[in-house]
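S.K.: Pasted the sequence and its predicted model underneath.
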Amino acid sequence: MNQRTCRLVTLGCKVNQYETQFVKESLLQNGYRLAEDDESADLCIVNTCTVTSTGDSKGRQVIRQLARKNPGTCTIVMGCYATRDPKTVSELPGVFEVVRDKRELPDVLQRLGIVDLPSGISQFDGRKRAYVKVQDGCILRCTYCIIPQVRPGLQSRTPQDIEDEVRRLIDNGYKEIVLSGIHVGHFGVDTTRGKSGLPPFRLWHLFRQLDRIPGDWRMRLSSVETAEVNDDFISAAADCEHLCPQFHPALQSGSDTVLKRMRRRYHVHRFLEKLECMREKLDNPAFTTDVIVGFPGETDAEFEETLQTCRDARFMKVHVFPFSAREGTPAADFPDQVSPQVKKERVRVLGELERDLAEEFYASLEGTELEVLVERASEEREGCFRGTDRRYVPVEYPGQAADVGELVTVTAEQATPGALLAQPRVLASVCES
């Protein structure tokens, strides 16, 4: 009997990538194998994203392509777009079933004869770091975001399941574990809120517990809201040997009036105060963020406030997004929508500031020793390899292919616009620019 084949496609965030990996390991554990590039797959899995309308369009395109290239296949569609618009998805060619709620996935797989599901993942195909999903769902109501509608409520995994999975990944050679979720800072809120007799177990309790796992590895938080950064969080972060001193608090806007229209939970001054509190306790932590430009009604003055806030925050990296009206969110119907031309110009201006801020932070590390997770050969410097240090700074240094996937110690020498150039401790020369 021929072994059944499968093909999986993931769109979107780290959580989606984790969930696809879990499905893949479930299929392989139950007798499936991955289809070769020139081979038609019996089963296709598409994990979709719906953060923007572009994500929806990409999902439909992928599903149609799979139907053409895998004639007769059964396609299962999961993810946020499948949840938001199951009728449209179900009418696409080759779609066998639409998973509207991820909790239904075991039942869907069971109908395909897949009954022996793993407790978690054991590897992360195609990556040097592994993402571990610690929670799902969001209960906030930011006016621009569709995600709370497609991933409502909160659902945290048990600390023991997470620890078991992290240990398994470390045993399988992964040197960096990224704790991921839809709203990571709300980890544990659903398991103890309103339940008498249960002590709280929050995100900082989790990374304290994981920090006790021995070995040559490190962990990173995918994101955290400053509203969840308190004294306990900062103390735990300062104490943890394995936790990387890089944090991603999403700013979204540096203007209080825009933040109010976004229905965010903080004022700019309080956001900046939290960053300074962390700088006081931690060793030169790096802060990265997300910023939306061109939010409805954003004036030139409000955009200038965002630029100044980014300077004051001294971000190492800023992910800049032009506002994209999402049908079904309040902001899509707000007046004073900003023109595409203005949004494009603001993306450019903030992008230039981001490059300056990045190089300033890189320069602050010159002369220091860095621990780098080596990911690939450099595309620009022959004989050099590229990776990221604990602060998520891109680093290039002269190395060897055996370093890929390993943690190496280097000395930072020169900040450039695209990376920090370094040398291994055992070598005397650095890559030539």
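M.R.: Looks like it arrived, so ask away. Numbers count the residues shown, from 1 in each chain.
S.K.: Give me the secondary structure label for residue 234.
M.R.: helix (DSSP: H, G, I helix; E, B strand; the rest coil).
S.K.: what's the burial count for the closest residue to it other than its chain neighbours?
M.R.: Take residue 234 and drop its neighbours on the chain: the residue closest to it by CB to CB, 6 or more residues apart in numbering is residue 281, 5.1 Å away. Yep, even glycine has a C-beta here, placed from its N, CA and C like the rest. Residues lying near residue 281 (other CB atoms under 10 Å) number 13.
S.K.: Give me the below-cutoff pLDDT ranges for the stretch 51-200 of the chain.
M.R.: Residues of the stretch 51-200 of the chain meeting the criterion pLDDT under 70: 193-197.
S.K.: can you map out the strands along it?
M.R.: Taking DSSP state E, counting those that start in this stretch to define them, one finds strands in the stretch 51-200 of the chain at 74-79, 95-98, 130-136, 155-156, 176-181.
S.K.: any chance of those strands in CSV, plus distance to residue 371 and mean neighbour count?
M.R.: Listed next are these as CSV, based on distance: least, CB to CB, whole Å; neighbours: other CB atoms under 10 Å:
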stretch, distance to residue 371, mean neighbour count
strand 74-79, 34, 25
strand 95-98, 44, 20
strand 130-136, 17, 25
strand 155-156, 30, 18
strand 176-181, 10, 24
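S.K.: What number of residues are in the vicinity of residue 276?
M.R.: What residue 276 shows, counting by other CB under 10 Å, is a neighbour count of 11.
S.K.: Over to residue 367?
M.R.: 9.
S.K.: Was I right to think it contacts residue 411?
M.R.: Yes: using CB atoms under 8 Å, residue 367 makes contact with residue 411 at a distance of 7.3 Å.
S.K.: can you list residues touching both of the two?
M.R.: Common contact partners of residue 367 and residue 411 (CB atoms under 8 Å, 6 or more residues apart in numbering): none.
S.K.: Low-confidence ranges, the stretch 201-350 of the chain, go.
M.R.: In the stretch 201-350 of the chain (pLDDT under 70), no residue qualifies.
S.K.: where exactly do the strands run in it?
M.R.: 218-221, 246-247, 286-293, 317-322.
S.K.: Output the first one as PDB, nothing but the C-alphas.
M.R.: Put plainly, it is strand 218-221. Extracted C-alpha coordinates of strand 218-221, given in PDB (Å, rounded to 0.1, in the frame of the first residue of the first chain):
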ATOM      1  CA  ARG A 218      18.500  30.600  25.400                       C
ATOM      2  CA  MET A 219      14.900  31.800  25.300                       C
ATOM      3  CA  ARG A 220      13.200  34.900  23.900                       C
ATOM      4  CA  LEU A 221       9.800  36.400  24.300                       C
END
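S.K.: For it, name the packing helices and strands.
M.R.: Strand 218-221 is packed against strand 176-181, helix 203-211, with contacts defined by 3 or more CB pairs under 8 Å, 6 or more residues apart in numbering; DSSP states H and E.
S.K.: Now do the helices in the chain.
M.R.: 14-29, 53-69, 80-84, 86-90, 105-111, 147-150, 159-171, 189-192, 203-211, 231-239, 256-262, 268-281, 300-313, 340-364 (DSSP state H).
S.K.: Contacts only, for residue 171.
M.R.: Residue 171 neighbours (CB under 8 Å, 6+ apart): none.
S.K.: how far away is it from residue 37?
M.R.: 31 Å (CB to CB, to the nearest Å).
S.K.: Residue 273 now?
M.R.: Taken as CB to CB, the span from residue 273 to residue 37 is 52 Å.
S.K.: Those two: which has the busier surroundings?
M.R.: More crowded of residue 273 and residue 37, by other CB under 10 Å: residue 273, with 13 against 7.
S.K.: For residue 29, see how far away that one is.
M.R.: With CB to CB as the criterion, residue 273 and residue 29 are 48 Å apart.
S.K.: and if you look at residue 378?
M.R.: From residue 378 to residue 29 the distance is 37 Å (CB to CB).
S.K.: More neighbours: which of those two?
M.R.: residue 378 (17 against 13).
S.K.: quick one: contacts for the residue nearest to residue 234?
M.R.: 234, 235, 237, 238.
S.K.: same check, this time on residue 403
M.R.: Taking CB under 8 Å, 6+ apart as the definition, contacts of residue 403 comprise 374, 385.
S.K.: Okay, buried residues for stretch 251-271 please.
M.R.: 251-256, 258-259, 261-262, 264, 266, 268, 271 (16 or more other CB atoms under 10 Å).
S.K.: got the buried residues for stretch 403-411?
M.R.: Buried, per 16+ other CB under 10 Å, within stretch 403-411: 403, 404, 405, 407, 408, 410, 411.
S.K.: can you list those residues in TSV and add pLDDT?
M.R.: Output for the buried residues of stretch 403-411, formatted as TSV (pLDDT from 0 to 100):
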residue	pLDDT
403	96
404	95
405	95
407	97
408	97
410	97
411	97
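S.K.: hang on, the earlier thing: for the strands of the stretch 51-200 of the chain, give me a markdown table that also has distance to residue 420.
M.R.: Converted to a markdown table, the strands of the stretch 51-200 of the chain look like this (distance: least, CB to CB, whole Å):
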| stretch | distance to residue 420 |
| --- | --- |
| strand 74-79 | 36 |
| strand 95-98 | 46 |
| strand 130-136 | 24 |
| strand 155-156 | 36 |
| strand 176-181 | 18 |
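S.K.: Leaving out the residues flanking it, which one is nearest to residue 112?
M.R.: residue 43 (7.1 Å).
S.K.: now do residue 7
M.R.: residue 41 (3.9 Å).
S.K.: cool, and residue 198?
M.R.: residue 192 (4.6 Å).
S.K.: number of nearby residues for that neighbour?
M.R.: Around residue 192 there are 15 residues (other CB under 10 Å).
S.K.: show me the residues around it that make contact.
M.R.: 198, 199, 200, 201.
S.K.: how far away is the closest residue to residue 321 other than its chain neighbours from residue 364?
M.R.: Distance criterion CB to CB, 6+ apart; nearest residue to residue 321, sequence neighbours excluded, is residue 292 at 5.2 Å. From residue 292 across to residue 364, the span is 27 Å (CB to CB).
S.K.: Compare the two (neighbour count), which wins?
M.R.: residue 292 (24 against 17).
S.K.: Against residue 303, how distant is the more buried one?
M.R.: 11 Å.
S.K.: Check residue 296 too.
M.R.: 13 Å.
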